[in-house]
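[1] Predicted model follows, preceded by the sequence.
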Amino acid sequence: MKKLFVVMLVALLLLGAGCSSNDGTGEVFAKINGEPVYQEEMDYYFAANFLEYYNNYYDYFLAYMGTDLLDEESASSTLADMESYCWEVVKSGELIRQLATNTYGVTWEDNYLKDVLPLGAYRSMMINSLYVDLYYAVEDELLAEIEVTDEAAQSVYDEDPSQWDSRLTSHILIGADPSDEAAMAEAYETAMDVINQLNDGADFAELAKEYSTDGSAENGGALENYINVYGVDVETGTSFYEEYTDAAFALENVGDYTLEPVQSSAGYHIIKIDDIRTGYDASAEVVKNSMKSISSDEVSAKISELLEAMDAEATVEMVGAFRYYQPATDEEGEDATDGENATDGENATDGEDATDGENATDGENATDGENATDGENATDGENATDGENATDGENATDGENATN
C-alpha cells in the first residue's frame, strides 16, 4: 500500500506552488489552440480539490465506499476523477481567456499579484476576473440586439418626462463633518474663496484639482451622472444628495455655477452645469436602453454556447502527462483515435494499420486499411483470403495456388 503517498504529493504540490516563479515560463502541461497551460495550474487545482475531499468527505469515502483517500491504490479511481476534473477546469479556463481576449478584446493583468502569487493561483484569479468582464461584454452584445421602436420609447417618455430630463454636472467639494462647527465654518470660507476665484475668471477644472476633496478632483470635478429632478442618475440609478439636486436644477444654462456654497452631509459643494437634456430626442437612447432587459441565465447560456463551440473546434496538444487519469481519445473506444493509428474499438484502428473490432475486422485477425486488404494477404474469414495466397474457407484458396 502507498499509504500517505497522496498527502505527501499534495504537500509537495502546495510547496512547489508557493515557491514557484510566475513569470509565465513554467512547465507547460498542454497547448490549447497553440496557447500554453501550465503544470502548476493542474497542481493548484488538484491540491485544492484533494484537500476539499479529504477535509469534508474522508470518513464518508472510507465508511460507505471503501475508499481510503490517503492510499493511492485504494483511491486510484477517485484520484483519476479529480485529475480529470482539474484538467477540464484548466482547459475551460484557457478557452474563457481566449474567448474574452480574442473575440471581445477583454484583457486582465495585475503585475503586483503576478509577482506575489504562484502561477496557478494567479491564473485562477485572472480567469475569474476575465469571466466577469466577459459576462458584461456578452450582456451588452445581447442587449444591443434587442430592438425598441421610437413609438414605444416615446410613449414611456411621455408618461413622466421629468424622470428622463436630466443634467450633467461637475462639482468642487470642500469636505467637512457637519457635526464639527469649526470645520464647517472653515470649509465655507474656502468654498467662498473658490467661488470668488471663479467670478474672477479662474478655470473650474483647475480649481477642482486644487481644492476638491472628492475623487472626481483628478477629472476636474466632472461627474459622469446625468441626474433627473428626483436626484437619480437616469442610466444607473445612482442617487444624489437632495440639496445637490435642487441646486443643480436651479441653474438655468450650461456653464452656470452656484454662487453660494451648497451644504450637504459631505461638506460644501460648488456645482457647475456641463450639459442639459430636455425632451424625448435628447433622452431617446436612454429611454430605449431602460426598456431592454435580459436575464443572467440568458447571458450565461450564451457564454456556454460560445465556449462549447470553441471546445468542439479546439486543438489540444498534450506536452505533460497525467498522474492518475487515463483519458480515452475517442468516444467510441478506449485509448482510441481517428486518423493514423486511430481506433473504432478497443485498440482497433481505421486508417494506417487500422482494424475494425478488437484487433479483428470482418473475421478473426482480419484487417481493413493499408496493410489490411481484400487482396494480397487480406482475410475474409478465419485465416481466409481472396486473391494471391488467399483462402475462401479455412486454408482454402481461390486464385493462384487456390483450392475449393
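    Cool, the structure landed.

[2] what comes into contact with the helix or strand where Gln154 lies?
    Assigned by DSSP states H and E, Gln154 belongs to helix 150-159. For helix 150-159, contacts defined as C-beta atoms under 8 Å, 6 or more residues apart in numbering pick out Trp164, Tyr280, Ser283, Ala284, Val287, Lys288, Ser290, Met291. In this view, the C-beta of every residue, glycine as well, is placed from N, C-alpha and C.

[3] For the stretch 201-350 of the chain, which segments count as helices?
    204-211, 242-250, 280-291, 296-313 (DSSP state H, counting those that start in this stretch).

[4] In terms of secondary structure, what does the second one contact?
    Other helices and strands packing on helix 242-250, by 3 or more C-beta pairs under 8 Å, 6 or more residues apart in numbering; DSSP states H and E, are strand 166-175, strand 262-264, strand 267-277.

[5] That helix vs strand 166-175, what angle?
    Inter-element angle recorded for helix 242-250 and strand 166-175: 130 degrees (by axes from the mean of the first three to the mean of the last three C-alpha atoms, to 10 degrees).

[6] same thing with the last one?
    Angle, helix 296-313 to strand 166-175, by the same axes, to 10 degrees: 100 degrees.

[7] Dump helix 296-313 to PDB, keeping only the CA atoms.
    In PDB, the C-alpha atoms belonging to helix 296-313 read as follows (Å, rounded to 0.1, in the frame of the first residue of the first chain):
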ATOM      1  CA  SER A 296     -28.400  36.400 -16.200                       C
ATOM      2  CA  ASP A 297     -29.400  32.900 -17.300                       C
ATOM      3  CA  GLU A 298     -29.600  34.000 -20.900                       C
ATOM      4  CA  VAL A 299     -26.200  35.600 -20.700                       C
ATOM      5  CA  SER A 300     -24.700  32.600 -19.000                       C
ATOM      6  CA  ALA A 301     -26.300  30.300 -21.600                       C
ATOM      7  CA  LYS A 302     -24.800  32.400 -24.400                       C
ATOM      8  CA  ILE A 303     -21.300  32.200 -22.900                       C
ATOM      9  CA  SER A 304     -21.700  28.400 -22.500                       C
ATOM     10  CA  GLU A 305     -22.800  28.100 -26.100                       C
ATOM     11  CA  LEU A 306     -19.700  30.100 -27.300                       C
ATOM     12  CA  LEU A 307     -17.400  28.000 -25.100                       C
ATOM     13  CA  GLU A 308     -18.900  24.700 -26.300                       C
ATOM     14  CA  ALA A 309     -18.400  25.700 -29.900                       C
ATOM     15  CA  MET A 310     -14.800  26.700 -29.100                       C
ATOM     16  CA  ASP A 311     -14.200  23.400 -27.300                       C
ATOM     17  CA  ALA A 312     -15.500  21.400 -30.200                       C
ATOM     18  CA  GLU A 313     -13.100  23.100 -32.600                       C
END
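
[8] Mind pulling up the pLDDT for the residue nearest to Ile294 when sequence neighbours are not counted?
    Closest residue to Ile294 apart from its sequence neighbours, by C-beta to C-beta, 6 or more residues apart in numbering: Leu142 at 5.2 Å. As predicted, Leu142 sits at a pLDDT of 97.

[9] Tyr38 - nearest residue in space that isn't next to it in sequence?
    Gly26 is the one closest to Tyr38 (C-beta to C-beta, 6+ apart), at 4.3 Å.

[10] Let me know the secondary structure of that neighbour.
    Secondary structure assignment for Gly26 (DSSP: H, G, I helix; E, B strand; the rest coil): coil.

[11] sorry, back to before: same list, the contacts of helix 150-159, but as TSV with pLDDT, distance to Leu223 and neighbour count please.
    Shown next, in TSV, are the contacts of helix 150-159 (pLDDT from 0 to 100; distance: C-beta to C-beta, whole Å; neighbours: other C-beta atoms under 10 Å):
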residue	pLDDT	distance to Leu223	neighbour count
Trp164	97	18	24
Tyr280	97	24	17
Ser283	96	18	22
Ala284	97	22	16
Val287	97	21	20
Lys288	96	23	18
Ser290	94	20	18
Met291	96	25	12
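
[12] Redo those as TSV? Include distance to Asp203.
    Shown next, in TSV, are those (distance: C-beta to C-beta, whole Å):
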residue	distance to Asp203
Trp164	31
Tyr280	34
Ser283	30
Ala284	33
Val287	35
Lys288	36
Ser290	35
Met291	40
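
[13] before we move on, the earlier item: in TSV: the helices of the stretch 201-350 of the chain, plus distance to Glu151.
    Compiled in TSV, those are given as follows (distance: least, C-beta to C-beta, whole Å):
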stretch	distance to Glu151
helix 204-211	41
helix 242-250	29
helix 280-291	11
helix 296-313	25
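
[14] who wins for proximity to Leu198 among those?
    helix 204-211 (6.3 Å; C-beta to C-beta).

[15] in the closest one, what's buried?
    Phe204, Ala205, Leu207, Ala208, Lys209, Tyr211 (16 or more other C-beta atoms under 10 Å).

[16] how distant is that helix from the center of its chain?
    40 Å (C-alpha atoms, centre = their mean, to the nearest Å).

[17] Could you pull up the mean pLDDT of it?
    According to the model, helix 204-211 has a mean pLDDT of 98.

[18] what's the angle from it to strand 166-175?
    30 degrees.

[19] Quick one: list the elements packing against helix 204-211.
    On a contact count with 3+ C-beta pairs under 8 Å, 6+ apart, helix 204-211 meets strand 166-175, helix 181-199.

[20] which of these sits most buried?
    For the helices and strands packed on helix 204-211, the largest average neighbour count (mean count of other C-beta atoms under 10 Å) is found in strand 166-175, namely a mean of 23.

[21] Assign the spatially most central residue of the chain to helix, strand or coil.
    Ranked by distance to the mean C-alpha position of the chain (C-alpha atoms, centre = their mean), the top residue is Tyr131 at 2.1 Å. The three-state label given to Tyr131 by three-state DSSP is helix.

[22] same deal with Asp43?
    On the three-state scheme (three-state DSSP), Asp43 is labelled helix.

[23] That one touches Gly120, doesn't it?
    Yes: counting by C-beta atoms under 8 Å, Asp43 touches Gly120, with 6.2 Å between them.

[24] pLDDT of stretch 36-46, averaged?
    Computed over stretch 36-46, the mean pLDDT rounds to 94.

[25] got the contact list for the residue nearest to Ile294?
    Ile294, Glu298, Val299, Lys302.

[26] now these in TSV, with pLDDT, distance to Arg97 and neighbour count?
    Formatted as TSV, these follow (pLDDT from 0 to 100; distance: C-beta to C-beta, whole Å; neighbours: other C-beta under 10 Å):
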residue	pLDDT	distance to Arg97	neighbour count
Ile294	95	24	15
Glu298	97	23	13
Val299	97	18	20
Lys302	97	18	16
